[in-house]
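[1] structure for the following, please:
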Amino acid sequence: MKRLTKAERTQLFGMFEGRCAYCGEELGKRWHADHVKAVFRRHELYRDGSPGYKTRLVGADKPENHVIDNFMPACASCNLSKATHTLEKWRDVLAGYVGALDRNAPTYRMAKKHGLIVETQVTVEFYFEKLARDAA
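    Numbering: from 1, shown residues only. A predicted model of the protein is given here:
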């Protein structure tokens, strides 16, 4: 798989005026080009004489998804959270974070108990979806 060219990255960065397509935060210098429909990369471990193992890319499943029309500009945290999920699956994963916090984070429950956090049942709407809705 070839890397995006500088011109393609510039085009992608400008898609939402330098904002993450998913959360709307400003991208800054260290942003990711996310495959909306995932490309599953295959890596192998190898040794080069230094301590430990390294990995190298040996191929990809779904290379047809590695086209400029399948990319969105994303902040690192959104891209890493999305991973290989479809948008709908990732939407469900994000919605599940509230329950996970309630189960696993005593500080979250304490803040909620004292009215500092109010949970809602809103459907996750990505930044690019909000822009499209507002433009319609």
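
[2] tell me the centre residue of this protein?
    The centroid of the chain falls nearest to N79 when counting by C-alpha atoms, centre = their mean (2.0 Å).

[3] can you show me the helices along the chain?
    6-14, 76-82, 87-104, 106-113, 127-135 (DSSP state H).

[4] now do the contacts for the nearest residue to the residue nearest to the centre of the chain once chain neighbours are set aside.
    Leaving aside its sequence neighbours, N79 sits nearest to H32 (C-beta to C-beta, 6 or more residues apart in numbering; 3.9 Å). No exception for glycine: its C-beta is placed from N, CA and C like everyone else's. Neighbouring residues of H32 by C-beta atoms under 8 Å, 6 or more residues apart in numbering: P73, A74, C75, A76, N79, L80.

[5] what number of residues are in the vicinity of the first one?
    A total of 25 residues lie near P73 under the criterion other C-beta atoms under 10 Å.

[6] again, but for the last one
    Residues lying near L80 (other C-beta under 10 Å) number 11.

[7] with adjacent residues omitted, what lies nearest to it?
    Nearest non-adjacent residue to L80 (C-beta to C-beta, 6+ apart): H32, at 8.0 Å.

[8] relative to P73, how far out is that neighbour?
    H32 is 8 Å from P73, where distance means C-beta to C-beta, to the nearest Å.

[9] what do you get for R47?
    Counting by C-beta to C-beta, the gap from R47 to P73 is 36 Å.

[10] sorry, back to before: what's the closest of the helices of the chain to A38?
    Closest to A38 of the helices of the chain is helix 76-82 (C-beta to C-beta; 8.7 Å).

[11] other SSEs contacting that closest one?
    Counting contacts by 3 or more C-beta pairs under 8 Å, 6 or more residues apart in numbering; DSSP states H and E, helix 76-82 is packed against strand 32-35, helix 87-104.

[12] adding mean pLDDT and distance to L116, write those out as CSV.
    Below are those laid out as CSV (pLDDT from 0 to 100; distance: least, C-beta to C-beta, whole Å):
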stretch, mean pLDDT, distance to L116
strand 32-35, 95, 32
helix 87-104, 96, 13
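
[13] all good on my end, thank you.
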